[in-house]
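Student: From the sequence below, what's the structure:
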Amino acid sequence: IYPKILFFVSVIFVSSCAKNMDETYIPSYINIDEINVLTSGSQGSASSYITDAWVYLDGDDRGAYPLPSRIPLLAEGEHLVKIAPGIKLNGVVGTRVPYPLMEPVEVDLNLIKDSVKNLNVDVRYRSNSKFEMIEDFESSNLKFETTTNNKATFRTTHSTTDPSDYIFEGVHSGGGFLNAENNYFQIITKQLFEELPKQGVPVFIELDFKCNTTIVLSVMSYRNGIGESQDLIYLSTTDEWKKIYINLTSTISYDTDAFQYKFLLSAEHNTSLEESVVLIDNF
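Tutor: Got it, this is the predicted structure:
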């Protein structure tokens with residue numbers, strides 16, 4: 001008799017604990033479909049590719065979530081939720097980070113277990129972000145010029161005379177056109193950048209691009225007036241316009257001997273095609 005009674009009591013005790021534990025681990029949810037970027041007139045295009053939401057609850061990191069996402073939070077009641085926009089660093093899927101040049105959004109939420117709150121998230125660039133150069137190809141005064149190595153045609157595309165996919169937004173984009181005879185494309189920024197910060201301060205290039213041949217982005221570092229080129233990243237062919245965030249921070253910070261820079265875009269003709277086309281915008 002006694003063993004049966006003890007067994008019965010122990011079952012009731014375990015079942016009660018399990019019920020309490022189940023209630024403890026019922027999450028509240030926030031739902032984020034996308035994160036939009038808002039810009040002012042001096043910050044250029046609002047074009048963006050925010051792939052992730054980095055979520056913080058009362059200052060604690062709760063992880064990164066690919067968008068769109070329904071995000072579970074083991075909390076209820078009033079809490080401070082911070083959402084930071086996340087990017088693929090240098091376009092690499094395995095390197096996801098919060099974008100340091102954009103301000104996270106903070107919102108006070110009343111979280112309810114097993115309930116979903118839909119959030120519309122708009123972010124802006126940090127107030128101390130400095131836009132050293134913006135080239136949207138809408139002006140006749142281009143900020144790029146061809147180098148002496150260039151053999152290809154470099155021009156602005158136009159919405160009324162070129163295929164629609166040659167223009168990312170607005171009326172113009174930048175275009176490089178190569179063939180078997182004119183088989184090398186190279187342009188360089190006219191501006192000599194002399195105030196790019198070092199000491200680990202974030203420095204990025206943003207760029208929209210579309211191409212049927214590989215684009216090489218390089219930095220020209222100047223020491224005593226002599227330039228030295230270093231390839232930074234290769235942009236693969238794509239049938240659709242893509243946005244990329246290119247991290248220059250370590251390149252600029254670790255280059256302690258150089259304080260002047262220019263940037264180059266280069267491409268070789270894809271010999272499997274009659275014409276290679278390089279399209280860029282919002283550099």
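Student: I'd say residue 45 and residue 37 touch.
Tutor: No - the criterion here is Cβ atoms under 8 Å, and residue 45 misses it with residue 37 at 9.2 Å. Every residue, glycine included, has its C-beta placed from N, CA and C.
Student: what sits against residue 281?
Tutor: 45, 47, 136-137, 167-169, 173-174, 207-209, 241 (Cβ atoms under 8 Å, 6 or more residues apart in numbering).
Student: All the helices of the stretch 151-283 of the chain, in order from the start?
Tutor: Secondary structure of the stretch 151-283 of the chain by DSSP state H, counting those that start in this stretch: the helices cover 249-254.
Student: again but with the stretch 1-150 of the chain, I slipped
Tutor: Counting by DSSP H, counting those that start in this stretch, the helices of the stretch 1-150 of the chain are 2-24.
Student: give me the number of residues near residue 71?
Tutor: 22 (other Cβ atoms under 10 Å).
Student: Filter the contacts of residue 281 down to the ones in strands?
Tutor: Counted as lying in strands by DSSP state E, out of the contacts of residue 281, are 174, 207-209, 241.
Student: Please identify, among those residues, the one with the most neighbours.
Tutor: Result: residue 174 is most packed of those (other Cβ under 10 Å), 25 neighbours.
Student: Surely that one and residue 139 touch.
Tutor: No - between residue 174 and residue 139 there is no contact under Cβ under 8 Å: 11.5 Å.
Student: Could you point out which residue ranges in the stretch 1-150 of the chain have low pLDDT?
Tutor: 1-24 (pLDDT under 70).
Student: so what's residue 254 up against?
Tutor: Per Cβ under 8 Å, 6+ apart, neighbours of residue 254: none.
Student: From residue 217, how far off is it?
Tutor: 18 Å (Cβ to Cβ, to the nearest Å).
Student: Same question for residue 224.
Tutor: From residue 224 to residue 217 the distance is 25 Å (Cβ to Cβ).
Student: go on, residue 225?
Tutor: For residue 225 relative to residue 217 (Cβ to Cβ), the value is 23 Å.
Student: Which residue of these two possesses the greater neighbour count?
Tutor: Comparing residue 225 with residue 217 by neighbour count (other Cβ under 10 Å), the higher total belongs to residue 217, at 21 against 6.
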